[in-house]
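Asker: give me a 3D structure for the following:
(one chain, ligands or ions: 1)
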Amino acid sequence: MKIKPLQIGDLTIKMPVILAPMAGYTDMAMRVLCQRYGSGLSMTEVISTQAINYESKRTFDMLRVDKREHPVGAHLYGHDPEAMAMAASTVEKLGCFDLIDINCGCPVRKLVTKGNGVALMKSPKLIGEIVSAVSSAVSLPVTVKTRIGVTADTKNISEVAQAVEEGGGKAIFIHARFASDQHRGKADWDSLAKVKSERSIPVVGNGGIDEASDVLAMFKATAVDGVMIGRAALGNPWFFDEVYSLLNEKIYNRCSLDEWAAVIIEHLMMIIAMKEKAMYYQKKVVSAEESAVASFRGHLSQYLSGMEGGLHIRRSMDKIKSLQDVKIAVEYVVERQRRGNI
Ligand SMILES: Cc1cc2nc3c(=O)[nH]c(=O)nc-3n(C[C@H](O)[C@H](O)[C@H](O)COP(=O)(O)O)c2cc1C
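Answerer: Residues are numbered from 1 along each chain as shown. Alright, predicted model coming up:
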């Protein structure tokens, strides 16, 4: 299938299949790996504009970017147009981002009770004002990631998409589920097709992609300009390579067990390096390695999912505390896998 590059303002994204922002996962290490295997764009984890304006060290750690991961967007949340514009301007001055994305889809209580995330969908007018204020403050393209509505009774994605476009937004990323459904249930691709037919800015579809063939199906069913991948990429940065092969009618060669094991260790090593450079975390209490392994357990669990012997490791995940423990666990699974394949 011939897929066109995705044009977001002046930014051209050659491969319009892109990594979704996922809090707790899409840090620099995961973004670098997904980009290597073909993700056309990635985003930071969700970052508070208020914390940027307060100059929180922890927040600036989250805004670090590796030169191998471009193009990359800063995925920001907040609700006050002026404060968000100020934070976006600070982010632009860091000189390492290719776009600014505004979170209007996160249903987590901590965000929603303060009027952030998907709470913004209750007021398309405010979303338009935010996009407009942020667009005036930066020269980077401004985009919005949102849902199709807060609940099925209040579905208003068409109004929200209109506000984004009229506010000067350069693309909209739509998770085709209601916030009330969290991440469950069938994604409503008809809504993506409808918004695509109504808007002139690029529409990127998200939700319901479990296999590489689903990407092709979404492009065909909805005519969206790009597809965003969330959970299918967890523990599987090779997913993008598989999609790329399918779209280009090439044979996909699954990575070898050696490559699989090497990437897991490389992933952890990158997180350790990030922790060593971090300005904020309790360095005196926990070593960079220990802290990195603690945040890597979720990734490791995903890498091991469905692998021979993986369940055994996943059941005793809390015992994994060091790089050496991870190496032993990975070797165990590689060994089990090899024996299973004889
Ligand atoms: C662990 C996790 C964290 C997420 N964090 C964010 C986030 O910070 N911002 C956001 O817009 N969406 C977030 N999402 C939603 C994803 O970006 C995506 O919209 C959703 O997973 C649907 O795509 P999928 O079906 O391909 O997984 C998160 C999803 C997961 C599973």
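Asker: Gln302 sits in which helix or strand?
Answerer: helix 288-304 (DSSP states H and E).
Asker: any buried residues in that helix, and which?
Answerer: Neighbour-count burial for helix 288-304, counted by 16 or more other Cβ atoms under 10 Å, picks out 288-289, 291-293, 295-296, 299-304. C-beta here means a position set from N, CA and C on the backbone, and glycine is covered the same way.
Asker: mind checking how far that helix is from the chain centre?
Answerer: 18 Å (Cα atoms, centre = their mean, to the nearest Å).
Asker: helices and strands around it, which ones?
Answerer: On a contact count with 3 or more Cβ pairs under 8 Å, 6 or more residues apart in numbering; DSSP states H and E, helix 288-304 meets helix 257-277, helix 310-315, helix 323-341.
Asker: from the buried residues of helix 288-304, which is closest to the ligand?
Answerer: Closest to the ligand out of the buried residues of helix 288-304 is Gln302 (10.1 Å), distances taken as Cβ to the nearest ligand atom.
Asker: in this structure that closest one contacts Asn236, no?
Answerer: Yes - with contact defined as Cβ atoms under 8 Å, Gln302 and Asn236 form a contacting pair (7.4 Å).
Asker: contacts only, for the nearest residue to Leu234 once chain neighbours are set aside.
Answerer: Nearest residue to Leu234 in three dimensions, chain neighbours excluded: Gln302, at 4.2 Å (Cβ to Cβ, 6 or more residues apart in numbering). With contact taken as Cβ atoms under 8 Å, 6 or more residues apart in numbering, Gln302 is in contact with Leu234, Gly235, Asn236.
Asker: pretty sure the first one contacts Met22?
Answerer: Spelled out, it's Leu234. Yes - the pair Leu234 and Met22 passes the contact test of Cβ under 8 Å, sitting 7.4 Å apart.
Asker: now the strands for the stretch 151-300 of the chain?
Answerer: 171-178, 203-206, 226-229 (DSSP state E, counting those that start in this stretch).
Asker: save these as CSV, and put in distance to Met279 and mean neighbour count too.
Answerer: Shown next, in CSV, are those (distance: least, Cβ to Cβ, whole Å; neighbours: other Cβ atoms under 10 Å):
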stretch, distance to Met279, mean neighbour count
strand 171-178, 30, 26
strand 203-206, 32, 26
strand 226-229, 30, 26
